[in-house]
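coordinates only, sequence not included:
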């Protein structure tokens, strides 16, 4: 084996050792949740409550800081009279499937050109936390 081959082998061996050490000592990082509606995580990890999830996902950017509504979206209070937990989770997963619901006719005329984003890519357990929080407001 020539000297050049020995150096290449030593370099590759050192690289492999450092790579494996890096993998073994790497800390698991929590995914960052974007604040925009267009970019949504596939799953949110860690123990967080419904209000924290609402803030992290960005619901307050349309529904207002205190979820009392804005020019972009309706208020998110007193939902218990219209929704069950499972129905609200289904709505959050796919709001467009409720587009023919009579309850949303008024919203379509009041909030023109605004579409509720789908959160079907967020874990159902996390959506359940959001639904539980909203149903207690």
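Sure thing, it's come through. All figures in this text were calculated on a predicted structure; none of them were measured in a lab.

From residue 120, how far off is residue 137?
According to Cβ to Cβ, to the nearest Å, residue 137 and residue 120 sit 23 Å apart. For glycine as for every other residue, the C-beta is placed from the backbone atoms N, C-alpha and C.

Tell me how far residue 134 lies from residue 21.
Between residue 134 and residue 21 the distance is 46 Å, computed by Cβ to Cβ.

more crowded one of those two?
residue 134 (23 against 10; other Cβ atoms under 10 Å).

Okay, buried residues for the host helix or strand of the more buried one please.
Using DSSP states H and E, residue 134 sits within helix 124-135. For helix 124-135, the neighbour count (16 or more other Cβ atoms under 10 Å) marks 126-131, 133-135 as buried.

Ok, stretch 3-14 next?
Quick answer for stretch 3-14: no buried residues (16+ other Cβ under 10 Å).
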